[in-house]
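Asks: what's the 3D shape of this:
(one chain, ligands or ions: 1)
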Amino acid sequence: MSDSTIIETNSDATGAKRYAVDRGYWSDPFIRYFSSRLDKGRRTVILSRRYFTRVHTFFTQAVAFCSKFQGKCNIVSLGAGFDTLYWRLKANGTTFSQFVEVDFKEVILHKAEIVKRHRPLHDLQGDDYTAMSHDLRAEDAAASIRAAVTDPSLPTLIMTECVLVYMPPNDSHRLIAAMAEAFPTSIWLDYEPINATDSFGQMMVHNLKARGCELPGIHASPTVAAHSRRFEDSGYEHATAVDLNHAYQLIPADERRRIQRLEFLDELEEWTLINSHYCCTTACVDAANAGLQHLLLPTQP
Ligand SMILES: C[S@@+](CC[C@H](N)C(=O)[O-])C[C@H]1O[C@@H](n2cnc3c(N)ncnc32)[C@H](O)[C@@H]1O
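Replies: So this is what the prediction gives:
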């Protein structure tokens, strides 16, 4: 698969987020600068609820992490694409020492150009923001990212939101192991598709392949258990992984009721089935004894 096909997955993610934001699933005043309403991708209620669960999980984990360390911490978003988390955290008053975004050069340059053109983005961006282009499959990725971080000994939240699955398993294992060494007090939050072998999973992989998009990492980490094992085998001390049905149950009940009222969803079985094909993993390594284990996603609702 070409890098440009991988890069295109960013437009899909941004378009789906914009669509869900326009329907009230969550508030994001910044997404409209990164995706036009004219984007014609196929969107469904299930897709919007799935994105809601994913975005809610990443936002609440980031806020909890930054609050725990009262802003003396780093966030490193790998394969950040056009994600708006940095601006949403700033608008929320959440503080951190440094927020680093890593992606292919083409994505980083395009994002910088959009930020430059729009004051609400530009005005919020401060010295605490770093964007760097790097291929995450490269052997020196973790060392280069470490070099871009002012204080890598601070507690660091590393995020991969639908990114590792586009990397060959050897490269993602090497990246995870090298990041654990480069950031010895870090917690990783990862979101990926799983279960590619049942009939729905095969269809999911087939449909993406028909659009030229392969998922080289999906078979190496096929289940929730395999996801936590991948981190534990690569230098992380503790890991928890849950499927998206479970992640949805971790969202406060009033917030779930609110989004369930937004758009009618008849296909509850399909929603449950699709959610069982996505996984959120947290893993930590804690050289400074900072209590990172308390921030792992709970495996009990
Ligand atoms: C599906 S998009 C997700 C974007 C963002 N994390 C989000 O959830 O909105 C995957 C992103 O990972 C980036 N990516 C995938 N493989 C990469 C690699 N080897 N090096 C750098 N970036 C990569 C892509 O360019 C793309 O922006």
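
Asks: residue ranges for the strands of the stretch 151-300 of the chain, please.
Replies: Assigned by DSSP state E, counting those that start in this stretch, the strands in the stretch 151-300 of the chain fall at 156-161, 185-193, 238-243, 278-286.

Asks: Can you add mean pLDDT and distance to the ligand and give those strands back as JSON lines?
Replies: The C-beta positions use only the backbone N, C-alpha and C, and glycine is treated the same way. Formatted as JSON lines, these follow (pLDDT from 0 to 100; distance: least, C-beta to the nearest ligand atom, whole Å):
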{"stretch": "strand 156-161", "mean pLDDT": "98", "distance to the ligand": "3"}
{"stretch": "strand 185-193", "mean pLDDT": "97", "distance to the ligand": "7"}
{"stretch": "strand 238-243", "mean pLDDT": "98", "distance to the ligand": "18"}
{"stretch": "strand 278-286", "mean pLDDT": "98", "distance to the ligand": "12"}
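
Asks: interface residues of this protein facing the ligand?
Replies: 6-7, 9-10, 13, 79-81, 83, 103-104, 107, 135-137, 161-163, 166-167 (C-beta under 6 Å from any ligand atom).

Asks: if we can go back for a sec, please render the strands of the stretch 151-300 of the chain as CSV that adds mean neighbour count and distance to His56 to the earlier fields.
Replies: Formatted as CSV, the strands of the stretch 151-300 of the chain follow (neighbours: other C-beta atoms under 10 Å; distance: least, C-beta to C-beta, whole Å):
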stretch, mean neighbour count, distance to His56
strand 156-161, 25, 12
strand 185-193, 24, 11
strand 238-243, 21, 14
strand 278-286, 24, 11
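
Asks: can you put the ones you listed in CSV and add distance to Phe34?
Replies: Shown next, in CSV, are the strands of the stretch 151-300 of the chain (distance: least, C-beta to C-beta, whole Å):
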stretch, distance to Phe34
strand 156-161, 14
strand 185-193, 19
strand 238-243, 28
strand 278-286, 22
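
Asks: What about the residues of the chain next to the ligand, which are in helices?
Replies: Ile6, Ile7, Thr9, Asn10, Ala13, Val107 (DSSP state H).

Asks: looking at these, which has the most residues close by?
Replies: Within those, most neighbours by other C-beta atoms under 10 Å means Asn10, with 24 neighbours.

Asks: Tell me which residues touch that residue, please.
Replies: By C-beta atoms under 8 Å, 6 or more residues apart in numbering, the contact set of Asn10 is Gly81, Phe82, Asp103, Val107.

Asks: again, 7 Å this time
Replies: Contacts for Asn10 (C-beta atoms under 7 Å, 6 or more residues apart in numbering) come out as Gly81, Phe82, Val107.

Asks: Now do the helix or strand harbouring Ser77 against strand 185-193, angle only.
Replies: Under the criterion of DSSP states H and E, Ser77 resides in strand 74-78. For strand 74-78 against strand 185-193, the angle by axes from the mean of the first three to the mean of the last three C-alpha atoms, to 10 degrees is 30 degrees.

Asks: related to what we said a few turns ago, just the closest of the contacts of Asn10 to the ligand, please.
Replies: Comparing these against the ligand with C-beta to the nearest ligand atom places Gly81 closest, at 2.8 Å.

Asks: got the contact list for the closest one?
Replies: Taking C-beta under 7 Å, 6+ apart, we find Gly81 in contact with Asn10, Ala13, Thr14, Asp103, Val107.

Asks: which residues sit against the host helix or strand of Cys66?
Replies: Using DSSP H and E, Cys66 sits within helix 45-68. Outside helix 45-68, the residues that touch it by C-beta under 7 Å, 6+ apart are 16-17, 19-20, 23, 25-26, 73, 75, 85, 88-89, 92, 94-96, 157, 159, 161, 187, 189, 191, 244, 247-248, 251, 259, 263, 265, 267, 270-271, 274-275, 278, 280, 295.
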